[in-house]
Each structure stands twice: as structure tokens, then as C-alpha cells.
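*Asks:* Need the 3D shape of this:
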Amino acid sequence: MSTEFTCSVKSICFDENYHPADSTRLTTNFANLARGESRQENLRNTLKMMNNRFNDLADWDNPNGDRYAIELEIVSVDMDIEGKGESFPIIEILKTNIIDHKNNQRIDGIVGNSFSSYVRDYDFSVLLSEHNKDQAKFSLPENFGDLHGKLFKYFVNSDAYKANFSKAPVICLSVSSSKTYYRTENVHPILGVEYQQNEFSSTDQYFGKMGLEVRYFMPANSVAPLAFYFRGDLLADYTNLELIGAISTMETFQKIYRPEIYNANAAAGKCYQPSLKNSDFSLTQIVYDREERSQLAVKQGKFTEECFIKPYQNILEQWAANYAL
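*Replies:* The predicted model follows:
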């Protein structure tokens, strides 16, 4: 008999009054912005950047560049492993909603966008670190990412997901600074120029275990490609406005967090290797503590080990061994 976990979904609005929930990973992009003296100004400026970028890309029937606005929901997913009412915060993602001021309409956007996971913190900041501590050459542990991938698939196929979202998720992240990307001749009217990489990064492989493919596109007026992780057909399954919502949201976050890549003063060429050592870039007007973020990832990985991996180890291992779509 297969073990059933209970998934529950709740959401909170990401606006200039947003305060992170207690269960939110503090390294999460949006949580990092919502702290400190500049929190409200940070949030206001971030949303303004998103809206400006959305209208820049959705420029048809939009003469004043102000037809659309983005509303963001932070979606938190809790999972009850034993059915005793004790849940662990398993995943946090973003849901975009699009406001069309001209037609006075609210349009569903894509769910996914950003991706936050305590178990991923454990995998990359604890498990991977310990595995490579005494090794001369970097390598991945056996079955690295298997449990996390199956937990993600379980959620996306759950009744809780289907009750809240009509389409499969799309997650949009930075390209890897350890890989080289090559411009192709394929150009999408919204996603822009497609790039291909020389080999998959560890993140690409990790998201592959979540059942997600990856393609890389550099939208018009962008300076670097974004990595889009998806199920199904990225180009056919989503509308132009849905794709623009994902681009404008995640490109804004990347300009804040990785300005060396996404706010560089020169655009990616035909052969492109992203670099966080690039010194020719512009800073946004938004305060962000990147050093603190990397330190917290380790703390949160250890928290996951103590509160999720160790207590439920036997149940999770047995479940993962038998879980198949």
C-alpha cells in the first residue's frame, strides 16, 4: 500500500506591505527585500520595475506603456508526512496575476517563477558539502536530488495543486556562471533569442529530477538569457501575457540579486559565459544583502536535516523507493 502525504496550499500577497511569514525561508528572494529600514521602498521599487518591464514587452494596444500591472502571490506548500497534523514547509513559489487596466480585467498568470525549498538547501548546503569535504575532485552524491524531485512531482500531481492551479508550473532562474551558452537562430516573439548550453549545470540536473526540462531565452532589451524550467511545451502551453509576467517578475529579481549578469552594461554575445566577477554593470536602487543570503542557506539546510530529513528518514526512504508516476 502506497503512503499518502497531505499537501496544503496557502498564499499571501507580495506588495509594499508584505511581511515574511515565520515559515518563509529567509534566503528567499522576496523575503530578503522585505527586511530592514528600506523594506517598503525596496518593495515599492521592485514592483515598479516589474510593471515597467511588463509594459515594455506588452507594447501592443498600450500607447502610454501603463496598461498592465503585476500582482504577485507568494504560494506556500506544506506537507504532512504522517497525517498527524504536523506539517513541514516543503516549497514556496510565486503566482503572477495580471491586471489589465484598459479592460478592467484580472488575468491568471503562471505559477512557479521563483522556487524556494528547504530540502534543496539541505541537498546543496549540507549533503553536497559533506560529500565533497575530503574529495580531491567535485562530484555529486549517489541519488542526489531524487527525494526532492519526487516530493515536487508528488505536489504537482496532487489534488491540492490541481484545485489551485490550471497549468503546470514554470520556474525561471539565472543561467549558470560555470557554463557557456551559444546563441541559436531561433527567436520567439516574447521569450526572445534562444541560447543552448554546452552541458547541463548541477541545477539543470537537479530540476530534471523534478520532471522539468530547461530552455534558455534572452527577451528583447535583456542583456542575458534566463533559464526556464517547465513541463510540456513552454512555447505552446502559455499565452504571451503569461510569459511576459514570468519574464518581468524574474528578470527584475535577477537584476537585483545578480546585477553583474542581468544588469550588465553589455548584452550577451553569440558565445556567452555569465560571470559574477563582471565589473561593468549598474546597481538598482534596491538594497539586498547577498552575503547574508549565502550564510543563511547553510543554517536552513541544517534546520531541514534536524526537523525533516532525520525525523522522517525511514518513511521518506521507503516512500521514495516505491514512488513512481
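
*Asks:* mind listing the strands for the protein?
*Replies:* 6-14, 68-80, 87-100, 105-116, 170-174, 181-188, 192-197, 213-218, 226-230, 271-272 (DSSP state E).

*Asks:* So for Pro259, which of the ones you listed sits nearest?
*Replies:* Nearest of the strands of the chain to Pro259, taken as C-beta to C-beta: strand 170-174 at 11.3 Å. Heads up, the C-betas are built off the backbone N, CA and C, glycines and all.

*Asks:* Please give me every residue in contact with Phe200.
*Replies:* Counting by C-beta atoms under 8 Å, 6 or more residues apart in numbering, Phe200 makes contact with Gly208, Val214.

*Asks:* Can you pull the phi/psi pair for it?
*Replies:* phi -70, psi 140 (degrees, to the nearest 10).

*Asks:* All further residue positions should be reported with the first residue as 9.
*Replies:* With the count now opening at 9, the last piece we talked about shows up as Phe208.

*Asks:* Against Tyr237, how distant is it?
*Replies:* Going from Phe208 to Tyr237 by C-beta to C-beta, to the nearest Å gives 12 Å.

*Asks:* what touches both of those two?
*Replies:* Joint contacts of Phe208 and Tyr237 (C-beta under 8 Å, 6+ apart) are Val222.

*Asks:* Mind putting the strands of the chain into JSON lines with distance to Gly157, mean pLDDT and mean neighbour count?
*Replies:* JSON lines is the format used below for the strands of the chain (distance: least, C-beta to C-beta, whole Å; pLDDT from 0 to 100; neighbours: other C-beta atoms under 10 Å):
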{"stretch": "strand 14-22", "distance to Gly157": "16", "mean pLDDT": "90", "mean neighbour count": "16"}
{"stretch": "strand 76-88", "distance to Gly157": "14", "mean pLDDT": "93", "mean neighbour count": "20"}
{"stretch": "strand 95-108", "distance to Gly157": "12", "mean pLDDT": "94", "mean neighbour count": "21"}
{"stretch": "strand 113-124", "distance to Gly157": "12", "mean pLDDT": "94", "mean neighbour count": "20"}
{"stretch": "strand 178-182", "distance to Gly157": "13", "mean pLDDT": "96", "mean neighbour count": "22"}
{"stretch": "strand 189-196", "distance to Gly157": "24", "mean pLDDT": "98", "mean neighbour count": "15"}
{"stretch": "strand 200-205", "distance to Gly157": "20", "mean pLDDT": "97", "mean neighbour count": "19"}
{"stretch": "strand 221-226", "distance to Gly157": "13", "mean pLDDT": "97", "mean neighbour count": "20"}
{"stretch": "strand 234-238", "distance to Gly157": "12", "mean pLDDT": "98", "mean neighbour count": "23"}
{"stretch": "strand 279-280", "distance to Gly157": "28", "mean pLDDT": "96", "mean neighbour count": "16"}
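
*Asks:* between those, which gets nearest to Thr247?
*Replies:* Minimum separation from Thr247 across the strands of the chain (C-beta to C-beta) falls at strand 113-124, 8.4 Å.

*Asks:* what angle do that closest one and strand 76-88 make?
*Replies:* With axes from the mean of the first three to the mean of the last three C-alpha atoms, to 10 degrees applied, the angle from strand 113-124 to strand 76-88 works out at 50 degrees.

*Asks:* one step back: out of the strands of the chain, nearest to Ser166?
*Replies:* Distance to Ser166, taken as C-beta to C-beta, is lowest for strand 14-22 among those, at 4.6 Å.

*Asks:* Name every strand pairing with that closest one and say which way it goes.
*Replies:* strand 76-88 (antiparallel) (DSSP bridges).

*Asks:* Where do the helices of the stretch 209-333 of the chain begin and end?
*Replies:* 210-216, 248-265, 267-270, 298-312, 321-330 (DSSP state H, counting those that start in this stretch).

*Asks:* mean pLDDT lowest for which of the ones you listed?
*Replies:* Looking over the helices of the stretch 209-333 of the chain, mean pLDDT reaches its minimum on helix 298-312, with a mean of 76.
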